[in-house]
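>>> My questions concern the predicted model and sequence given below.
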Amino acid sequence: MGAEKRKAKRHPVTQRGMIYGPDGKAIAQCEMQNVSVGGAQLALEREMPLPRNFVVALSHDGAVRRRCTVAWEFATVVGVRFVETVER
């Protein structure tokens with residue numbers, strides 16, 4: 001395999017989350033599988049199209065939210081870049 005090209009080290013996690021569209025409407029549940037300062041890998045329950053930009057809530061109460069942009073998609077796994085923190 002090739003050399004690691006990520007700017008920040010990824011840390012394995014298992015955290016349930018919810019994906020919200022730009023309009024604030026809930027799109028899908030997900031599970032964050034790893035995370036870094038700049039992004040994360042999310043697993044979806046089923047393959048589905050996602051908007052290019054969305055918000056993911058990463059805590060059980062929805063208090064931790066990040067605005068994301070899709071970096072890559074492969075079936076039910078999505079790599080995202082964090083754009084900014086979202087205030088509730």
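Received the coordinates, thanks.
>>> which residues of the chain score low on pLDDT?
Residue ranges of the chain with pLDDT under 70: 1-7, 85-88.
>>> need the strands for it, in chain order.
Ranges of strands in the chain, per DSSP state E, are 11-20, 26-35, 39-44, 53-57, 65-74, 77-85.
>>> Just the buried residues of the first one, please?
Which is strand 11-20. Across strand 11-20, burial judged by 16 or more other C-beta atoms under 10 Å covers 15, 17-20. (Glycine included, C-beta is placed from N, CA and C.)
>>> Measure how far that strand is from the centre of its chain, please.
Centroid separation for strand 11-20 versus its chain: 7 Å, with C-alpha atoms, centre = their mean, to the nearest Å.
>>> Does it pack against any helices or strands, and if so which?
strand 26-35, strand 53-57 (3 or more C-beta pairs under 8 Å, 6 or more residues apart in numbering; DSSP states H and E).
>>> Need the contact partners of stretch 10-27.
28-36, 41-42, 48, 50-51, 53-60, 62 (C-beta atoms under 8 Å, 6 or more residues apart in numbering).
>>> Try it again at 7 Å.
28-36, 50-51, 53-58 (C-beta atoms under 7 Å, 6 or more residues apart in numbering).
>>> Quick check: which of the helices and strands packed on strand 11-20 is nearest to residue 68?
Of all these, the one in closest proximity to residue 68, counting by C-beta to C-beta, is strand 53-57 (5.5 Å).
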